[in-house]
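K.L.:
Compute the structure for the input listed below.
(chains A and B, ligands or ions: 2)
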Amino acid sequence: MKKITVSPAQKDAAQKDAAQSPLLGLLGGFIAELRTAGLPVSLTENLDAMEAVTHIPLEDREAFKYALGATLVKNHAHWRAFSTVFEVYFSLRGAEYGTEEWGEAGATTQDGQQIMADGGTAAEEEMRNLLYEALLHGDQAMLAAIARQAVMRYANMEPGRPVGGTYYLFRTLRKLELDDLLEQLMEQAREEALSPLTPLEERLERDEFEIRLDELKKEIEAEIRRRLVADRGVEAMAKTLRKPLPEDVDFMHATREEMEAVRKAIVPLTRKLAARLSRKRRHGRKGPLDFRNTIRHSLSYGGVPAEPKFRYPRPSKPEIVVIADISGSVASFARFTLHLVYAIAGHFTKVRSFVFIDGVDEVTEFFEQADEIGEAIQRVNTESDVIWVDGHSDYGHAFEAFWEKYARACGPKTTVLILGDARNNYHASGAWTLKEIRKKARKLYWLNPEPRSYWDTGDSIISEYTTHCDSVHEVRNLRQLERFVESLV
Amino acid sequence: MESGNKFETNKFEFETVDEVRAGLGEVRYLADEGIAGVVYLADRLGKPVLVEGPAGTGKTQLAKSVAELTGARLIRLQCYEGLDEAKALYEWNYKKQLLRIQAERHESRSWEETEEGIFSESFLLTRPLLEAIRASDPVVLLVDEIDRVEVETEALLLEVLSDYQVSVPELGTVEANQIPLVFLTSNNTRDLSEALKRRCLYLYIDYPDIEREREIVLKKVPEITESLADQVARIVRSVRQLDLKKSPSVSETLDWARTLVLLGVSSIDAEVASETANILLKHRSDIEKALKEFSANGETFEASRVR
Ligand SMILES: Nc1ncnc2c1ncn2[C@@H]1O[C@H](COP(=O)(O)OP(=O)(O)OP(=O)(O)O)[C@@H](O)[C@H]1O
Ligand SMILES: [Mg+2]
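P.N.:
Numbers count the residues shown, from 1 in each chain, chains lettered A, B, ... in the order given. Ligands and ions are numbered 1, 2, ... in the order given. Below you'll find the predicted structure:
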């Protein structure tokens, strides 16, 4: 958590206000939740939020949310986390302060309510028809009503049962058989069209229906969350829902959804990193005075050397060799690292990359040929020849094969990075090869995506390799990865 | 901490968020609830707004439109790498100073007197920041693409936006006449300082949803029919779902819509799409990808046209 400096007066004011008004107390709790979720909220921002909400009519849930968002969240990547905390926190605590109608936000239209009122008895068939119609016409209110019904009927939520929301979501969705619905909807669209749908029209129709189906899923998720919160209370739910920010997601234990978030975060991250590095290079250090250049420029000042010019030193760029384990457990770590290294390849004289599982293969040319780093990484996964015997990591064999075939890749200007968890399936370590590599190379670093506390447990033999490396780094998330890669330049 | 009561805050006093939204609509800017809400709050709280989001989503236009809506004067500071104090804040008009020195050489004035004379207000060239805080008429200050300036210049900006005063060594402290409504835009090419972010309200303007994009097209390309505008918005939405090097921006949507109107197109078919795709998408590989995606099982529009 970041440090904030606060004058005692500010602190007093905030505390006094919180004590005075229940709403401010409620906000205080919300901000505490945001902080536990990892969002940095400073005291100034806290005060701004409190002031902002006094300008907003409380019953307007959307306005309330935007007012808090604009004062508390200053990074778009954090919006999702904010949104989830907001929903969970206020769906329960909000009721205490007369904001209970929020829970019913987006309530159904009269019609929907009426039809769904006796939902318990309405035949399954009937509900399916209603769902079909709602999807066909994009009837939001109806979709929300159906989502509530579907959760009630199909999720079989049991109070106190310690399963996550995903479990109930899955159960509800399976019963709804949405894939079939999509095909039926497309069929109807085709039939109703005056002339056969062109591929373009077909695609647009499908996109539209898919978006409506997504909305339905979101409604179902929200409903499940509301019920879980009601059952277990805000604190417990906030904990299960607490999503790490993309830059803090652990590479080794990420869910599919988290991985997706990391993948999305990496492109803006590389862009920023690249911009930061080139700025550093340009403005970094001034070299000695460039006498000629200064005199040349002095001509425009009537011969007065008013604007001294300096020589910019060209710092020597390192050569990078990456040797990455791309077996299942650490594959995504290798992908992200390659992505980052190639994104700033301009700062190195040369980058060569090798990947291994139990055999090793050079993939440098994939990156040299591709327009886009993503494309190259795709090819690494599908085309590299890294399996020697059984496709289980064998660091020893892979390193020996590297030494035999590619030893010449390492020279006095090369920085070698080895990526992997050093879980060697109880094979021989082949650590002697690292000793040789270090002798030839400038630096040898190892990046391990596992938490340090797991090192050397089970079949991890990282210590055997550590003795031959300049240093070994724990790199579990994007934040750490970015910091390391930047330090190479 | 709050400088609010020290100066006249230049407030437009909107009554409600809806009023802002409707007002912006009248000057042909289509805002969603979030955008209107933040503008409303910025005015109420007297705080600057930091606007981020993809290229061409109306970040710059928002400041211009708010100025138009309120009848305030727009003062724009366009940022670029190398922008410094002299271009952002103030500069001494040294040519004028030189002339004065030369003129006074023949009079028998002491250097001290001359110096005092040439470092006075009439030799000061005010740049956007100083101009904005010294104005006495209502002003909207737009600091465009702030992520392009160096960290030092950003710090200077922050100082001005926090204290609303500028110290000019030769003159002393110049205080603000008012706190203008300030918009800072960023394309997020680098992280801005935490201090600056803390000082601002934050607004992320994403690509508009389909309804808003259709409205924007209708407002900005009045000659277009509703059904064509709808089709444009739908296609653009689908194109943005593809994994592209560069997704079409709102300005590209508008360019495309204008082109279609010029060509007299009433409805977009495969042929039209493939002939005009280069207006919407800028990279060749993106165009190819989109055309392939939107044609039957991988055959291109070219092929389906010949058939
Ligand atoms: N909500 C909107 N209502 C009306 N016009 C819009 C809207 N959003 C964008 N536009 C139009 O799109 C064009 C691009 O907008 P603008 O230049 O403000 O984008 P920007 O976000 O500042 O882009 P950049 O990041 O490239 O500077 C302008 O012509 C603007 O009028
Ligand atoms: Mg702009």
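K.L.:
How about whatever residue of the stretch 51-200 of chain B ends up closest to chain A, nearest residue that isn't a chain neighbour?
P.N.:
Closest approach between the stretch 51-200 of chain B and chain A, counting by C-beta to the nearest C-beta: residue B:197, at 4.0 Å. For every residue, glycine as well, the C-beta is placed using N, CA and C. Nearest residue to residue B:197 in three dimensions, chain neighbours excluded: residue A:74, at 4.0 Å (C-beta to C-beta, 6 or more residues apart in numbering or on different chains).
K.L.:
Tell me the backbone dihedrals of that neighbour, please.
P.N.:
phi -110, psi 20 (degrees, to the nearest 10).
K.L.:
Repeat that for residue B:203.
P.N.:
phi -130, psi 120.
K.L.:
could you list every residue that touches it?
P.N.:
Applying C-beta atoms under 8 Å, 6 or more residues apart in numbering or on different chains to residue B:203 gives the contacts A:70, B:34, B:35, B:38, B:49, B:50, B:51, B:52.
K.L.:
Could you say which helix or strand holds the first one?
P.N.:
Here residue A:70 is covered by helix A:61-72, with elements defined by DSSP states H and E.
K.L.:
Now do the strands in chain A.
P.N.:
Using DSSP state E, the strands of chain A run over A:319-325, A:350-356, A:360-362, A:414-419, A:443-448, A:471-474.
K.L.:
what's the closest of those to ligand 1?
P.N.:
strand A:350-356 (31.1 Å; C-beta to the nearest ligand atom).
K.L.:
Around ligand 1, pick out the residues from chain B.
P.N.:
By C-beta under 6 Å from any ligand atom, the residues of chain B that approach ligand 1 are B:28-30, B:55-61, B:185, B:187, B:216, B:220, B:250-251, B:254.
K.L.:
Put the buried members of the residues you listed into a ChimeraX selection.
P.N.:
Of these, the buried ones can be selected in ChimeraX as follows, counting by 16 or more other C-beta atoms under 10 Å in any protein chain shown:
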select /B:29,30,56,57,58,59,60,61,185,187,216,220,250,254
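K.L.:
burial measure for residue B:110, as a count.
P.N.:
8 (other C-beta atoms under 10 Å in any protein chain shown).
K.L.:
and the gap between it and residue B:279?
P.N.:
67 Å (C-beta to C-beta, to the nearest Å).
K.L.:
One more: residue B:37?
P.N.:
Computed as C-beta to C-beta, the residue B:37 to residue B:279 distance reads 33 Å.
K.L.:
The two: who's more crowded?
P.N.:
More neighbours surround residue B:37 than the other of residue B:37 and residue B:279, with 29 against 17 (other C-beta under 10 Å).
K.L.:
List the residues that contact the residue in the stretch 51-200 of chain B that ligand 1 sits nearest to.
P.N.:
Closest to ligand 1 within the stretch 51-200 of chain B is residue B:58: 2.4 Å, counting by C-beta to the nearest ligand atom. Neighbouring residues of residue B:58 by C-beta under 8 Å, 6+ apart: B:29, B:205, B:250.
K.L.:
If we use 10 Å, what do you get?
P.N.:
B:29-31, B:35, B:51, B:64-65, B:205, B:207-208, B:216, B:249-251 (C-beta atoms under 10 Å, 6 or more residues apart in numbering or on different chains).
K.L.:
Show me which of these is closest to chain A.
P.N.:
For the contacts of residue B:58, the nearest to chain A is residue B:35 (9.0 Å; C-beta to the nearest C-beta).
K.L.:
angle of the strand or helix carrying that closest one against helix A:61-72?
P.N.:
Per DSSP H and E: residue B:35 is located in helix B:33-45. Angle, helix B:33-45 to helix A:61-72, by axes from the mean of the first three to the mean of the last three C-alpha atoms, to 10 degrees: 60 degrees.
K.L.:
Report all helices and strands that helix B:33-45 contacts.
P.N.:
For helix B:33-45, the elements it packs on are helix A:43-53, helix A:61-72, strand B:8-9, helix B:17-26, strand B:49-52, helix B:59-70, strand B:181-186, strand B:201-204, judged by 3 or more C-beta pairs under 10 Å, 6 or more residues apart in numbering or on different chains; DSSP states H and E.
K.L.:
what pLDDT does whichever residue of the stretch 351-489 of chain A sits closest to ligand 1 get?
P.N.:
As assessed by C-beta to the nearest ligand atom, ligand 1 sits closest to residue A:372 within the stretch 351-489 of chain A, at 21.7 Å. You'll see residue A:372 listed with a pLDDT of 78.
K.L.:
Residue A:331 now?
P.N.:
We have a pLDDT of 85 for residue A:331.
K.L.:
again with residue A:338
P.N.:
We note a pLDDT of 88 for residue A:338 in this prediction.
K.L.:
my read: it touches residue A:325, true?
P.N.:
No: using C-beta atoms under 10 Å, residue A:338 makes no contact with residue A:325, being 11.9 Å away.
K.L.:
and for the two, which residues touch both?
P.N.:
By C-beta under 10 Å, 6+ apart, residue A:338 and residue A:325 have these common neighbours: A:355, A:419.
K.L.:
neighbour count winner among these two?
P.N.:
A count of neighbours by other C-beta under 10 Å puts residue A:325 above the other of residue A:338 and residue A:325, at 27 against 24.
K.L.:
Give me the phi and psi for the residue lying closest to the more buried one once chain neighbours are set aside.
P.N.:
Once flanking residues are discounted, residue A:325 sits nearest to residue A:420: 3.3 Å by C-beta to C-beta, 6+ apart. Main-chain dihedrals, residue A:420, degrees, to the nearest 10: phi 170, psi 170.
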